[in-house]
Structure formats: structure tokens, C-alpha cells
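1. Build me a structure from this.
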Amino acid sequence: MFKWLTACATTDSSLRGCRRRPPARLLPLCMAAVLAIGVVPSAVQAADGRDSFRVCWSIYVGWMPWGYGAEAGIVDKWADKYGIDIEVVQINDYVESINQYTAGEFDACTMTNMDALTIPSAGGVDTTALIVGDFSNGNDAVILKGKDKLADIKGQQVNLVELSVSHYLLARGLDSVGLSERDVTVVNTSDADMVSAYTTGDVTSVVTWNPLVAEILQMPGANKVFDSSSIPGEIIDTLMINTATLQANPDLGKALVGAWYEIMQNMQAKAEVRESMGKASGTDLAGYEMQLASTKMYYSAADAVTFVNSADLLQTMQYVAEFSFTHGLLGEGAPDAGFIGISTPSGTFGDAANVLLRFDPTYMQMAADGKL
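-> Down below sits the predicted model:
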């Protein structure tokens, strides 16, 4: 049976769609709490083989299909096909969902490629990208007030959610114009406060994501000077799964992947499906399709497999690992960016003896071949 539950509910619509990270000073505390709960025992339990599993997700344009799939009974159908039980929990605090996954409370969780590396993998949890659903293709952007070139950001304070994908986007953008983070001052700003902060006279540059980007760009003097379409395929939205759990329970992988691509077919073909996803995320059909327009969705399993098999993914994960190491996100004992091995079909970045993040298209290939 497939059960759709909601946890950590909030009435603050500004939190919807957020992909947030704790400030650097809090990250060690978060990881200590996660490890104290018992990451290793959960991995041992996973190897025993089970027929009941838990998956968590949070609200974002590319992850709304899980909510629809629950209501429509699609994942229920695929879980029944393989004789297993899947409990799906919506958690409105994105980082908390990943922390709970890392602590062993969930078997799979929606998250970005960067957060998979810096939270579960950095916490010692071997994690596999079961489904690569999309990448940001303009949803994340750098916006300047009264200036129209990215180089004009030099010397400015930049408001963003520190250590988030926004921070990563800024670093990649600065590099593209011969600048670095030393040329700006990062001001940690909650996504809930981003729009109101931009309206103040002191704030001249922000980095954020949709729907906040769309709202800010409607304000006088706002100019988008760099966005994720300039680094295609680098901010990736996935369903990550505990590797030991997947290896011990391949039917879980088959059920989740089979359900996902049935949902993708409905989503692509039916406006009413997209409308229901939009409403569930706090907007309407037009608002949701605006976000989809700047998201590269992989509706086809074959296309997702091609993306994962590309050598570009290996290069992307090197960029992500180097950013994460520079900002202290791989743990205090990490000697270099390659401390955690990241395996992809085209090769491994980092320590091949310490692989803790894996991009494995096996189950998506099954879907592409019609073998689920």
C-alpha cells in the first residue's frame, strides 16, 4: 500500500519550493545530531531485506509529482505490483527531510546533487541517485538592482541563502566573469525574507530561485544577470536512496522508478495533472508552468539515462565537490575535494575506496527498456 502523509506542516507559503541549507556554523551541529541518532545501525537494518519502506519529499516544482502520484494511486499500484509497502511523507522543511533520511528515518528522499554530497554522503551514508528527474534551467538566478551586467556585482553585498544552491550558482557565475567570492560580501538571508529584503535600499543584489525570482523581476530596476541556464545540468533534482537498502531490496527501486515514469506520462500529457501540482505547491496552472519552463524535466527515462551516462555529469560533480570542500561542507577531516568518492557511469571523482555517492542509471534503464 502507498500512504501519503504530511509532516512538519507550515502555513508560511514563502517556504514553498525552498531548497535551503543550514548556515556553516550550524552544519557540524546538524551532522552531529544525525550521527548521534544512529546512521550506521540503519544501514545494517537495511541489508536485512524488508517489505515496508519510507520515502520523504518536499515541495519544489520537480518534486510535486510525488504528491500527485500518491493521490492518484499510481505509486500504490506499483508498490502492490512488487508486493511491498511504501509510506511517503511530505516534509515542508527541506533540510530537515534530508537530515531525517541521513539519520535512517527514511529509505529515500528528494534532494539536489549538492545536498546529497554534503549531508548524507558527508555523514557516512552511502547514497544512490535512483531517479534524476530534472535540472534547473533558469529557475535559479542572480539579480542586480539598477545594473545589467554580472561584472557589476563586484564590491557589492549579495543576499542569498548561504551554502545553498544559490551560493553555488553565485560562485559559478563569478568565475565566468573572472571574479571570485573575495570580490563580494555574502549576506545570509532566509528565502522567506528575500523579496522584502530586495525592496529595501540597502540590498542591491540577490541570488534566489523561483517563484521568488519571478516576483523580484517584476520590481523596478531588477535585472537578471546570470541564471542556471548558463550552467545547464549542474543543479540537479533527484530521488536519492540508501544504497544498502536498494541493493537488498531491488523491488523498491523498481516500484519507485516505475511509478515515477507513469506519473511523468500523465504530467506531460494532461494539463489538469499539472494544474493539480501547481495548486498543491501554492500557485495555479500558469504559475506552475512558468516554473516548468525554466526546469529541464526528464519525462523520458531514456533521456534521463543519457544525461547520467554523459561525461558532463562527472565534471559537474567535480565542480560541486570543489565548492563544497572550499566551504567546509565535506566535514572537518576532509583533506581535499576528492575525500568522498562520487561514482558515475563515465568514471569516479575522488577516492574510489571511499565512494559514498553514486549515480547509477540501472533502474531508469529498466524503465526505458520496458522491463519493469
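2. which outside residues touch the helix or strand containing residue 342?
-> Under the criterion of DSSP states H and E, residue 342 resides in strand 341-344. Identification of contacts with strand 341-344 by C-beta atoms under 8 Å, 6 or more residues apart in numbering yields 117, 121, 308, 313-314, 317, 321, 348-360. Glycine gets a C-beta too; all of them are placed from N, C-alpha and C.
3. Please repeat the previous calculation with a cut-off of 7 Å.
-> By C-beta atoms under 7 Å, 6 or more residues apart in numbering, the residues outside strand 341-344 that reach it are 117, 308, 313-314, 317, 321, 348-352, 354-359.
4. For it, list the C-alpha coordinates in PDB.
-> Only the C-alpha atoms of strand 341-344 are listed here, as PDB (Å, rounded to 0.1, in the frame of the first residue of the first chain):
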ATOM      1  CA  GLY A 341      34.300   9.300  -3.900                       C
ATOM      2  CA  ILE A 342      31.500  10.100  -6.400                       C
ATOM      3  CA  SER A 343      30.800   7.400  -9.000                       C
ATOM      4  CA  THR A 344      29.200   7.900 -12.300                       C
END
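5. just use 30 as the starting number from now, easier for me
-> Yep, numbering from 30; the last one is strand 370-373 now.
6. could you pull out the helices for the stretch 230-379 of the chain?
-> 241-246, 272-277, 279-298, 300-309, 314-322, 330-338, 340-355 (DSSP state H, counting those that start in this stretch).
7. quick one: residue 241 and residue 225 touch, right?
-> No. Residue 241 is beyond contact range of residue 225, at 10.7 Å (criterion: C-beta atoms under 7 Å).
8. Compare these two (neighbour count), which wins?
-> residue 241 (23 against 11; other C-beta atoms under 10 Å).
9. show me what contacts that one?
-> 220, 223, 224.
10. want to try a markdown table for these, with distance to residue 106 and secondary structure as columns?
-> Below are the contacts of residue 241 laid out as a markdown table (distance: C-beta to C-beta, whole Å; DSSP: H, G, I helix; E, B strand; the rest coil):
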| residue | distance to residue 106 | secondary structure |
| --- | --- | --- |
| 220 | 35 | helix |
| 223 | 40 | helix |
| 224 | 40 | helix |
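11. pLDDT-wise, what's the bottom of these?
-> Lowest pLDDT among the contacts of residue 241: residue 220, with 83.
12. Distance-wise, check it relative to residue 284.
-> In this structure, residue 220 and residue 284 are 33 Å apart, going by C-beta to C-beta, to the nearest Å.
13. who has more neighbours, these two?
-> For the pair residue 220 and residue 284, the greater number of neighbours falls to residue 284 (26 against 21), based on other C-beta under 10 Å.
14. okay but the more buried one is in contact with residue 111, surely?
-> Yes. If you go by C-beta under 7 Å, residue 284 and residue 111 touch, sitting 4.8 Å apart.
15. ok, back up a step: in the sheet, which strands lie alongside the strand holding residue 371, parallel or antiparallel?
-> strand 376-378 (antiparallel), strand 384-388 (parallel) (DSSP bridges).
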